[in-house]
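[1] With the sequence up front, the predicted model follows.
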Amino acid sequence: MPLNVPGILVPLHLLIAPRLVIPSIIIKGQPLDFRELRKAGYRGAVFDKDNCLTIPHRDQLVPELKDAWKECRDTFGEGNVLVVSNSAGTRLDPGEIQAESVTHHLSVPVLRHKSFKPAYSCIKAVRRYFTSLPKPIEDHELIVVGDRIFTDVVLANRMARGKANGQERDGPLSVWTDGVWERESMVLRGLERKIMELAKSWVHRKAPLGDATTRSEYQRFVRDLPPPEVKEKPGLFSRFLGSIRGV
Ligand SMILES: [Mg+2]
């Protein structure tokens, strides 16, 4: 695996912008409510591939996401959902064979880009894609979903920094999927999580109310999982009652 230099340089950027690693939403297996996101004005989505939509190095969608993925594509519409991977569609994908295969299996385009996420040139390529659509999509109308903080979350949050046409930028909604389909880079993931938690506690100390308000505002975009079916073992008393009732 070649070095992801833009990812390695993230800690330096954090010294001046610790919020970069803080996602807007953290999901742990719960599905996103794409219709609610659409109602709120989000019109497009950027998805990571490995350990987000697929098992790493595979091109097929994980079966558990079948319904949610269809709902996502139906809700945002054709061309408005884009896979941005650090494998398929990059220089690690000679002949763009994997990108073609991912498009075939996931039914969405895969961005071709030269630099790894979260490089600014990759951000430019994402913007170029969405602004060239028949109905162009702006940064603040996007959600960015991924399982790595230093690549996916930082990419989304970097899009919110700086100015565009003299105005402060409004960035996408960053969604961090906390969990993996297959264990991979677990030490790095643990480190990224620690750094994110540190940044969160630092930001929370500085503006406790603002942070809490923002979190609850975004929570409506996450569906509650149905409660797990718990089959309780009957206690001694219930078993005794059952036996005298003849159950
Ligand atoms: Mg990933």
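    Ah, there it is.

[2] and the chain, which of its residues are near the ion?
    Neighbours of the ion within the chain, by CB under 5 Å from the ion: 48, 50, 51, 52, 147. In short, each C-beta sits where N, CA and C put it, glycine included.

[3] Now tabulate these in a markdown table and tack on distance to residue 167, secondary structure and neighbour count.
    A markdown table is the format used below for these (distance: CB to CB, whole Å; DSSP: H, G, I helix; E, B strand; the rest coil; neighbours: other CB atoms under 10 Å):
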| residue | distance to residue 167 | secondary structure | neighbour count |
| --- | --- | --- | --- |
| 48 | 28 | coil | 24 |
| 50 | 35 | strand | 21 |
| 51 | 35 | coil | 22 |
| 52 | 31 | coil | 23 |
| 147 | 32 | coil | 23 |
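
[4] List the contacts of the residue most central in space within the chain.
    Nearest to the geometric centre of the chain sits residue 145, at 1.9 Å (CA atoms, centre = their mean). Contacts for residue 145 (CB atoms under 8 Å, 6 or more residues apart in numbering) come out as 32, 45, 46, 47, 48, 52, 152, 175, 177.

[5] how about JSON lines for those residues, with secondary structure and pLDDT added?
    Listed next are the contacts of residue 145 as JSON lines, based on DSSP: H, G, I helix; E, B strand; the rest coil; pLDDT from 0 to 100:
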{"residue": "32", "secondary structure": "strand", "pLDDT": "96"}
{"residue": "45", "secondary structure": "strand", "pLDDT": "98"}
{"residue": "46", "secondary structure": "strand", "pLDDT": "98"}
{"residue": "47", "secondary structure": "strand", "pLDDT": "98"}
{"residue": "48", "secondary structure": "coil", "pLDDT": "98"}
{"residue": "52", "secondary structure": "coil", "pLDDT": "97"}
{"residue": "152", "secondary structure": "helix", "pLDDT": "97"}
{"residue": "175", "secondary structure": "strand", "pLDDT": "97"}
{"residue": "177", "secondary structure": "strand", "pLDDT": "96"}
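
[6] Top of these by number of neighbours, please.
    Top of these by neighbour number is residue 175, holding 28 neighbours under the definition other CB atoms under 10 Å.

[7] gap between that one and the ion?
    From residue 175 across to the ion, the span is 12 Å (CB to the ion, to the nearest Å).

[8] what's the lengthiest helix in the chain packed up against?
    The longest helix of the chain (DSSP state H) is helix 186-206. In terms of contacts (3 or more CB pairs under 8 Å, 6 or more residues apart in numbering; DSSP states H and E), helix 186-206 is packed against helix 10-14, helix 208-218.

[9] Try it again at 10 Å.
    Of the remaining helices and strands, those touching helix 186-206 by 3 or more CB pairs under 10 Å, 6 or more residues apart in numbering; DSSP states H and E are helix 10-14, strand 173-177, helix 208-218.

[10] Worst mean pLDDT among these?
    Per-stretch mean pLDDT for the helices and strands packed on helix 186-206 is lowest at helix 208-218 (a mean of 62).

[11] Identify the residues contacting the nearest residue to residue 195 once chain neighbours are set aside.
    Of all residues not flanking residue 195 in the chain, residue 21 sits nearest, at 5.9 Å (CB to CB, 6 or more residues apart in numbering). By CB atoms under 10 Å, 6 or more residues apart in numbering, the contact list for residue 21 reads 10-11, 13-14, 149-150, 153-154, 157, 174, 176, 192-193, 195-200.

[12] And for residue 121?
    Applying CB under 10 Å, 6+ apart to residue 121 gives the contacts 6, 113, 114, 115.
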